[in-house]
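Student: all I have is the shape, not the residue letters:
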């Protein structure tokens, strides 16, 4: 299960993914009409951009034209503090710093290769149940002038004291990139921490597998035209999709 807490009021919760992200278009044969692609599109939750972001490429690198500093909806007070404490503040997007040491060191030669990357906050504190890892990556099957790095987060044992962020790589061929508010930025999917095994089928096992496929075609094909089985609609009728929900009620 995915447990989340928004950094501030107005931050979107993890939003169930959708089967398609394109406006309805004329004609037939668009990629997102394919049932397996639609299943991939709808597998997981999306992190939506809470604010519009505009990045402009200059001779000195990318510039974030409209940064937003968000104030947390709770008060944090360190043990050594005296008084009532203060809310945390976090920017919605920021770049690597040249010569930085923390949170990890980046040497100048590597910094030159990272200049197209921008870190974008999810503004979400996230944890998962025991032995559940969270994969944060790009929303599949979209063509946009940026892409998200994919990371596997150990959200079952690491209680991050900050909202998680993702990294977008901006297309350096573009002069300016505009990401509108509510644009899906990252995809979140849960995965069990366990051993996954790939093994070759024996000849007998493959024979049974292939025979099962032929039996399925015989039962579901509407016709055979030039040795091609017409199974339009058959796959989607038998397809079983994973379901993703978001609840706004608080856990106890």
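Tutor: Arrived safely, thanks for sending. Source: prediction; values computed, not measured.

Student: for the rest of this, base every contact and every neighbour count on C-alpha atoms.
Tutor: Fine.

Student: bridging residues for the nearest residue to residue 155 once chain neighbours are set aside?
Tutor: Excluding the flanking residues, the one nearest residue 155 by Cα to Cα, 6 or more residues apart in numbering is residue 127, at 4.8 Å. Here residue 127 sits in beta bridges with residue 3, going by DSSP bridges.

Student: the helix or strand harbouring residue 118: partners in the sheet, and parallel or antiparallel?
Tutor: When secondary structure is defined by DSSP states H and E, residue 118 falls within strand 117-121. Strand 117-121 has the following sheet partners, assigned by DSSP bridges: strand 93-95 (antiparallel), strand 165-170 (antiparallel).

Student: what's the first helix or strand after the shortest one?
Tutor: Reading on from strand 93-95 to the C-terminus, the next helix or strand found by DSSP H and E is helix 108-111.

Student: run through who's touching that next one.
Tutor: Contacts to helix 108-111, defined as Cα atoms under 8 Å, 6 or more residues apart in numbering, come from residues 96, 98-99.

Student: and which of those is nearest to residue 201?
Tutor: Closest approach to residue 201 among these (Cα to Cα): residue 96, at 47.3 Å.

Student: now do the contacts for the closest one.
Tutor: Counted by Cα under 8 Å, 6+ apart, residue 96 has contacts 111, 114-115, 117-119.

Student: turn those residues into TSV, columns for pLDDT and neighbour count.
Tutor: Below are these laid out as TSV (pLDDT from 0 to 100; neighbours: other Cα atoms under 10 Å):
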residue	pLDDT	neighbour count
111	87	17
114	91	16
115	91	18
117	96	22
118	97	21
119	96	17
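
Student: from those residues, which is closest to residue 46?
Tutor: The closest of those, once distances to residue 46 are taken by Cα to Cα, is residue 119, at 16.6 Å.

Student: from memory the closest one sits against residue 164, does it?
Tutor: No. Checked against Cα atoms under 8 Å, the pair residue 119 and residue 164 is beyond contact range at 10.0 Å.
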